[in-house]
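Chemist: make a model of this:
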Amino acid sequence: MWRIHLNTPLANVIAIGETIWLPPGFVAAVTPASTGMVAGRRAVTSTATARRDDTLEAMVTVRSPVDENDTRDVARGLGPLLGVGDPARDGNGLVERVLALARIHLGLEVSWLSRFADGKQVLDHIAGDAARFGLSAGVSGPYSGSICSRVITGELPNIIADARADERTRDRAVTKLLDVGAYAGVPVVLPGGEVYGMLCCIGRDAHPEIDGGDVRFMRVLADVLSEEVERQRPLELHRQQTLARIDDAIAGNGLRMVFQPIVRLDSLEVVGVEALSRFEGGPPTPDRWFQEAASVGRGAELEVASIALATSSIPQLPGDIYLSVNASPALIAGWGRREIPDTIALHRVVLEITEHEQIDDYDKLTEVLAPLRARGLRVAIDDAGAGYSSFRHILMVKPDVIKLDISITRAIDRDPFRRALATALIGFATEIDADLVAEGVETSAELETLQHLGAAFGQGYFFSRPAPLAETFGAASGGSGGRNGS
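Modeler: Numbering: from 1, shown residues only. Coordinates of the predicted model:
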């Protein structure tokens, strides 16, 4: 017999089936004894060792069955130990921890959480040596006639300790295809009673030691997953709605371009236009659209769609006018010919790299840009002076154009500190033979100050608000600021 000594109050101990779980930060000492009780109420009946892994601090085997009706209450107690409700841990991380816990406890190689939808069983999350069984996340198969469906209807038990020998499973295609030796599965039932899917474990070898206590333990874990799935449902619905909206924009529905002139400050002659994305419905600003696109894995696709739409306007521009488009460093680093094909007149394009995003690999960025610059593409650093990385970007990329951020231009006529910084950047641009464009010029006083400081180019509401291309040249109002990439 063994006695377990805990350095944590009884309230911190959760007993589930034949397992006691201790919260992170606590340990257990297991010592021999003729008789033993855990915290005065749990009799130890089998040998065990305390151990640690990513999910738990200590696990010891005891003999203390749990009423199956209490599993959801127990799951709520176990949940916080696995990270439920912890904002520092995401939902997928919780699912992976539960799956790891299930397969380790049963001693099986693979565990998964599946979802039933449209007559199929989809393996949304999978843990362990899935490749050994030819499985991966996203794999799906017919629900009807599957082992899981038969477990739910009661035709098969929750545990099949030797699938090859059991007459109920030995001739089934899935047993032979995956070469399953042992199977354990319990339904994941949402709080409202809906069967969401299954928590399953499989192993290559037979495991006759798996018993009803393991089923009860898996039911507790299934209830933890149920609570998490229910919590994530509104978030997943929002994600799917966002994804549909972004995909619609990528397809060309509701995405349009407006253009803001870039002028020579001494003559107010238009020399170029910046293409700015606009969207119908959804988030209130283009920046939010691109942020949401990135959050659902469509950031690059939306940028590419915007660039393609912007560059399609080049033939409509007067011959001496260039087009300025925006792209994130991450997009540029992964560019192929689809983003800027050979048919684009690159000598008429300025590519603005936003200053706000970190550049992880300047060598890769410059390597990708080199052949494009050789074809005439000019590169601009956008929002210069707005953040800590401005000058590093400028030094490493060696831009042809420096765009002075609106935060420096605004009220420059009344602020000597802004004038001093602008003067330094204007001098720097002249020294490296780059053009400087002052963004956000909104008043005649700002214009006059920039002219006095020697700034060559500018853009802003004082000259024209963004507008459709047909209205851009000579326009004096309309639209609101943004970028083709945001």
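Chemist: going forward, measure contacts between C-alpha atoms and count neighbours the same way
Modeler: Fine.
Chemist: strands of the stretch 251-400 of the chain, start to end?
Modeler: Ranges of strands in the stretch 251-400 of the chain, per DSSP state E, counting those that start in this stretch, are 255-264, 269-279, 322-327, 349-353, 378-384.
Chemist: right, and the helix or strand after the strand or helix carrying Arg115?
Modeler: Per DSSP states H and E: Arg115 is located in strand 110-117. Sequence order places strand 120-128 as the next helix or strand after strand 110-117, per DSSP H and E.
Chemist: picking up where we left off before, of the strands of the stretch 251-400 of the chain, which approaches Asp400 most closely?
Modeler: Nearest to Asp400 among those is strand 378-384 (5.4 Å), distances taken as CA to CA.
Chemist: what helices or strands is that closest one leaning on?
Modeler: Packing partners of strand 378-384 (3 or more CA pairs under 8 Å, 6 or more residues apart in numbering; DSSP states H and E): strand 349-353, helix 390-397, strand 401-404.
Chemist: worst average pLDDT in the strands of the stretch 251-400 of the chain?
Modeler: Ranked by mean pLDDT, these end with strand 378-384 in last place, scoring a mean of 91.
Chemist: coming back round to it: in TSV: the strands of the stretch 251-400 of the chain, plus distance to Thr153 and mean neighbour count.
Modeler: Shown next, in TSV, are those (distance: least, CA to CA, whole Å; neighbours: other CA atoms under 10 Å):
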stretch	distance to Thr153	mean neighbour count
strand 255-264	49	24
strand 269-279	49	23
strand 322-327	54	24
strand 349-353	58	25
strand 378-384	62	25
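Chemist: so which of these is nearest Gly297?
Modeler: Gly297 sits nearest to strand 322-327 of all these, at 16.2 Å, using CA to CA.
Chemist: could you list the domains of this protein?
Modeler: According to automatic domain parsing, the chain comprises the domains 1-64, 68-245, 251-472.
Chemist: where does the residue lying closest to Ala434 once chain neighbours are set aside fall, phi/psi-wise?
Modeler: In space, and not counting its chain neighbours, Ala434 is closest to Asp400: 4.7 Å by CA to CA, 6 or more residues apart in numbering. Dihedral pair for Asp400: phi -90, psi -20, per degrees, to the nearest 10.
Chemist: tell me, what's the model's pLDDT at Asp400?
Modeler: Listed pLDDT for Asp400 reads 97.
Chemist: residues in contact with it?
Modeler: The contact partners of Asp400, taken as CA atoms under 8 Å, 6 or more residues apart in numbering, are 378-380, 433-435.
Chemist: rewinding a little: redo the strands of the stretch 251-400 of the chain as a markdown table? Include distance to Glu209.
Modeler: A markdown table is the format used below for those (distance: least, CA to CA, whole Å):
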| stretch | distance to Glu209 |
| --- | --- |
| strand 255-264 | 60 |
| strand 269-279 | 60 |
| strand 322-327 | 59 |
| strand 349-353 | 61 |
| strand 378-384 | 65 |
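Chemist: out of these, flag the one nearest Glu194.
Modeler: With CA to CA, the closest approach to Glu194 among the strands of the stretch 251-400 of the chain belongs to strand 269-279: 38.1 Å.
Chemist: dump the closest one to CSV, keeping only the CA atoms.
Modeler: Only the C-alpha atoms of strand 269-279 are listed here, as CSV (Å, rounded to 0.1, in the frame of the first residue of the first chain):
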residue,chain,number,x,y,z
GLU,A,269,1.8,70.2,-60.3
VAL,A,270,0.5,66.7,-59.9
VAL,A,271,3.3,64.2,-60.3
GLY,A,272,1.7,61.0,-59.0
VAL,A,273,-1.2,59.4,-57.2
GLU,A,274,-1.4,57.1,-54.2
ALA,A,275,-4.0,54.3,-54.6
LEU,A,276,-6.1,53.8,-51.5
SER,A,277,-8.4,50.8,-50.8
ARG,A,278,-12.0,51.3,-49.9
PHE,A,279,-14.6,48.7,-48.9
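Chemist: helices and strands around it, which ones?
Modeler: If you count contacts as 3+ CA pairs under 8 Å, 6+ apart, strand 269-279 packs onto strand 255-264, helix 286-295, strand 322-327.
Chemist: quick one: closest of the helices and strands packed on strand 378-384 to Pro468.
Modeler: Closest to Pro468 of the helices and strands packed on strand 378-384 is strand 349-353 (CA to CA; 18.3 Å).
Chemist: between strand 269-279 and that closest one, find me the angle.
Modeler: If you take axes from the mean of the first three to the mean of the last three CA atoms, to 10 degrees, strand 349-353 sits at 60 degrees to strand 269-279.
Chemist: any idea how far strand 349-353 is from the chain center?
Modeler: Its chain's average C-alpha position is 27 Å from that of strand 349-353, according to CA atoms, centre = their mean, to the nearest Å.
Chemist: quick one: strands adjacent to it?
Modeler: Its sheet considered, strand 349-353 pairs with strand 322-327 (parallel), strand 378-384 (parallel) by DSSP bridges.
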